[in-house]
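# below: sequence and its predicted model.
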Amino acid sequence: MNALRGLITTSPEILRSQLRGLSRAKPVATCAAFRPDPTHLADPVQATKLALRSLAARIREARDQADQLERHLHQLVEQVAPNTLHVFALGPDTAAALAISIGDNPDRLTGEAAFARLCGVAPIPASSGKTTRHRAASRR
């Protein structure tokens, strides 16, 4: 998307005016629909149309592949740790990372404190004298 936006920014004005102000998904669809004239690729407009169309196709392919991989990840997490996906606001990426962190020993997570220690965010007492303080655990 960054390459597409950059190319749009530097493209001839006739193309910039067509693509200006479009919502987030529209530039990809618009650029994918370009039909450059292959006999006039020396023309900057036609050459830019070809480049924009090529980038749009790569973006669509990458999005399709990412969606497919996310579906596979969702299926794997459902098999390995089905209850984690039912936790509020926990998607397949986070559930997979959690399952990897826990490893083959899910009994080590007995509650929130154990989870905080596993993540390295459990507070550690750092008091002196009459002052009671805690600091975050450092990750090693």
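Yep, that arrived. These numbers were taken from a predicted model, which means no experiment stands behind them.

# quick check: His40 vs Arg16, distance?
19 Å (Cβ to Cβ, to the nearest Å). Bear in mind the C-beta positions are built from the backbone N, C-alpha and C, glycine included.

# show me which of these two is the more surrounded one.
Neighbour totals were compared for His40 and Arg16, and Arg16 leads with 13 against 10 (other Cβ atoms under 10 Å).

# you'd agree the more buried one is up against Arg5?
No: judged on Cβ atoms under 8 Å, Arg16 makes no contact with Arg5 at a distance of 11.3 Å.

# check which helices and strands the helix or strand Ala56 falls within sits against.
Element membership for Ala56, per DSSP states H and E: helix 44-80. If contacts are counted by 3 or more Cβ pairs under 8 Å, 6 or more residues apart in numbering; DSSP states H and E, helix 44-80 sits against helix 2-10, helix 13-19, helix 26-32, helix 92-102.

# what comes up buried for the first one?
Buried residues in helix 2-10, counting neighbours by 16 or more other Cβ atoms under 10 Å, are found at 4, 7-8.

# okay, these in JSON lines with pLDDT next?
Below are the buried residues of helix 2-10 laid out as JSON lines (pLDDT from 0 to 100):
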{"residue": "Leu4", "pLDDT": "93"}
{"residue": "Leu7", "pLDDT": "94"}
{"residue": "Ile8", "pLDDT": "93"}
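
# dump those into a markdown table; add distance to His72 as well.
Shown next, in a markdown table, are the buried residues of helix 2-10 (distance: Cβ to Cβ, whole Å):
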| residue | distance to His72 |
| --- | --- |
| Leu4 | 27 |
| Leu7 | 32 |
| Ile8 | 33 |
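
# ok, so of those, who is nearest Gly103?
Gly103 lies nearest to Leu4 out of the buried residues of helix 2-10, by Cβ to Cβ, at 40.3 Å.
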